[in-house]
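A.B. asks: Have a look at this fold, sequence not included:
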């Protein structure tokens, strides 16, 4: 078989401050031959997440670290891919999978790593597979249904409310009858929250005093805080938590290089006064329960009650733009990239 | 009816630093007549807890506050009492109750306040009622059975391990098959933990490096941390929490005047990495579920598998000593006071 051409983006230098296209380098090569336990997959869709920045490491002197990607290696990514060759015991040619891949036409993988590979369930189109049934979707679904468990009328406050996880969690909480207050970082995001998602209140943390606005919007306190942000809002929320309140900590770890700790929430003992609970959620540990999320959300998607907010770029050349947009807060909903116009969608 | 004599201890001044007998004043008076909704109870046993210090307020300039007890009022206490007069709709003459009372022979109460009144269940002697089935017992029982849920072989680390809540929680965790590591503040307490409670490891936080000892005793991390202490050990435990770990926050609030916050646990995001949970427990909110604790623990008490560690003073004159002993860390197990040698016991 002639060697397959493979276009790709390499990590050129670790970020210092904002991520720019200069952190990456375009490269054209051919795919390597497989070893036992590996498969070769043609990448169809990419998703973006803060985990990617963690994998890139950092050149900031304050938190310099090597990440786990070497300079000159393909930039790692979450992808929906179709397996085209396989020496893997589980994943076979023709399988469409969600897993760790790279910004390239074809990725070699063994199914383990920062995003363990799993098969896309029957009947799920690739854009839903990468979004609602990707890791952000699992975080939103299990964060709402297993940890937050909002009851009708409960006050559900969420940070990062218009992002990948947040845009789904907001809708799932609304479907369960919660009153939702979304915190986000731009006018466009707050507009989406109010107009598209129909939240009861939106707070722009760049232009508004979050503490004051929370007190206005929920003067009697809140029942749930779903934290996608990892920032100081957590302590404001804990102070306002009422009897039986729940806090979902969702993946904020990936925002922080390991060498730099955020301050702990100083009002954490409020959890005692209200018999409250704070629980972490790492989406990849919920992969074995994917079918529960599919059973619950596929009917909602088909009926249109749940509308994924996807922000879609097209073409491998644009891959760096997705990460730049994510860190500039420009995406509404899940930032995605479709490889080209012929890539299958819903 | 002639007026009943009533001996009592008044709050004389708010504490600054250590509590001493000078914070209290002995007084002899007669009991007042009842108003509608009140009952008069003869006090039989008292229990001690950090809540009492909170109720006393503080004269320390750093955290000066008025507490909720006025100077010259009877010192508030947790008590087992027998109702001798009643104009209360629920609690009747002859009822033996657990509730808020004062350091005095007879207390007037309405059943509400810092320790809502409840009837002592049938078949429970007063010393068990004030200890195992008092608020500390509820904290230990529900903290272990509802939040910690230790499985056989799991590593259960507990601070304040030889105190009122801790001494019961340690035994309940052992009965469920956990491997228990107790942290306490004296040689005597660590001795009790090892010899009487049979823990797998004891750490004296006054003389040992807790971080180093935890790493030695549980090199692969821990599954549960039961925090009775509210101190910096919480952050050490969070760092060592492993997959599915649970943290029980038990009443530490009462150790802190409202004006002085402890630092938040800076490694709280470890909860995300291990899908971990941190949950607060306020024992008085579990009073409606007392019968569950009785059903579970009464057979254990009768068979001798659960042995309450009670530290018993005798006589109202000694009431201040109980609180002084508690804050000096001299009590092993629950600090109690029996009113006199004729008071009924088990």
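C.D. replies: Good, I have the coordinates. Since the structure is predicted, the reported quantities are computational estimates derived from the model, not experimental observations.
A.B. asks: hey, let's count contacts and neighbours off CA atoms from now on
C.D. replies: OK.
A.B. asks: so which residue of the stretch 51-200 of chain A comes closest to chain B?
C.D. replies: Nearest to chain B in the stretch 51-200 of chain A, going by CA to the nearest CA, is residue A:147, at a distance of 9.8 Å.
A.B. asks: Could you measure from the nearest residue to that residue once chain neighbours are set aside over to residue B:311?
C.D. replies: Taking CA to CA, 6 or more residues apart in numbering or on different chains, and ignoring the residues beside it in sequence, residue A:147 has residue A:248 as its nearest neighbour in space, at 6.6 Å. Note on residue A:248: its distance to residue B:311, by CA to CA, to the nearest Å, is 41 Å.
A.B. asks: Would you map out the domains in chain A?
C.D. replies: A:5-131+A:308-338, A:135-284 (automatic domain parsing).
A.B. asks: looking at the ones you listed, which is buried most?
C.D. replies: By mean neighbour count, with neighbours taken as mean count of other CA atoms under 10 Å in any protein chain shown, domain A:135-284 ranks first of these at a mean of 22.
A.B. asks: before we move on, back to that, with mean pLDDT added, can I get the domains of chain A in JSON lines?
C.D. replies: Below are these laid out as JSON lines (pLDDT from 0 to 100):
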{"stretch": "domain A:5-131+A:308-338", "mean pLDDT": "94"}
{"stretch": "domain A:135-284", "mean pLDDT": "93"}
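A.B. asks: Quick check: next helix or strand after the helix ranked longest in chain A?
C.D. replies: Among the elements of type helix in chain A, defined by DSSP state H, the one spanning the most residues is helix A:290-303. Following the chain from helix A:290-303 toward its C-terminal end, the next helix or strand by DSSP states H and E is strand A:310-314.
A.B. asks: Show me what that following strand is packed up against.
C.D. replies: The helices and strands touching strand A:310-314, judged by 3 or more CA pairs under 8 Å, 6 or more residues apart in numbering or on different chains; DSSP states H and E, are strand A:334-338.
A.B. asks: now the longest helix of chain A, how far from the chain's geometric center?
C.D. replies: Taking the mean of its C-alpha atoms, helix A:290-303 sits 18 Å from the chain's own mean (CA atoms, centre = their mean, to the nearest Å).
A.B. asks: For it, give the mean pLDDT please.
C.D. replies: Per-residue confidence for helix A:290-303 averages out to 96 on the pLDDT scale.
A.B. asks: neighbouring contacts of that helix?
C.D. replies: Contacts with helix A:290-303, where a contact means CA atoms under 8 Å, 6 or more residues apart in numbering or on different chains, come from A:121, A:133, A:138, A:141-142, A:306-308.
A.B. asks: Could you give me the buried positions within it?
C.D. replies: Of the residues in helix A:290-303, those scored as buried under the neighbour-count criterion (16 or more other CA atoms under 10 Å in any protein chain shown) are A:290, A:293-294, A:297-298.
A.B. asks: okay, these in JSON lines with distance to residue B:323 next?
C.D. replies: Shown next, in JSON lines, are the buried residues of helix A:290-303 (distance: CA to CA, whole Å):
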{"residue": "A:290", "distance to residue B:323": "54"}
{"residue": "A:293", "distance to residue B:323": "53"}
{"residue": "A:294", "distance to residue B:323": "57"}
{"residue": "A:297", "distance to residue B:323": "56"}
{"residue": "A:298", "distance to residue B:323": "60"}
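A.B. asks: Looking at those, which is nearest residue B:207?
C.D. replies: Using CA to CA, the shortest approach to residue B:207 within those belongs to residue A:290, at 49.2 Å.
A.B. asks: Look up how far chain B lies from the closest one.
C.D. replies: Between residue A:290 and chain B the computed distance is 16 Å (CA to the nearest CA, to the nearest Å).
A.B. asks: do residue A:274 as well
C.D. replies: For residue A:274, the distance to chain B under the criterion CA to the nearest CA works out to 7 Å.
A.B. asks: okay but that residue is in contact with residue A:240, surely?
C.D. replies: No. The pair residue A:274 / residue A:240 is not scored as a contact, 10.1 Å apart, by CA atoms under 8 Å.
A.B. asks: Quick check, residue A:217 in contact with residue A:201.
C.D. replies: Yes. Taking contacts as CA under 8 Å, residue A:217 lies within contact range of residue A:201: 6.9 Å.
A.B. asks: Common neighbours of the two, please.
C.D. replies: Shared contacts of residue A:217 and residue A:201, defined by CA under 8 Å, 6+ apart, are found at residue A:181.
A.B. asks: just to revisit the earlier point, can you name the residues that contact the residue nearest to residue A:147?
C.D. replies: For residue A:248, the contacting residues are A:143, A:147-148, A:224-227, A:278-281, by CA under 8 Å, 6+ apart.
A.B. asks: Please repeat the previous calculation with a cut-off of 6 Å.
C.D. replies: Contacts of residue A:248 were listed using CA atoms under 6 Å, 6 or more residues apart in numbering or on different chains, and they are A:226-227, A:279-280.
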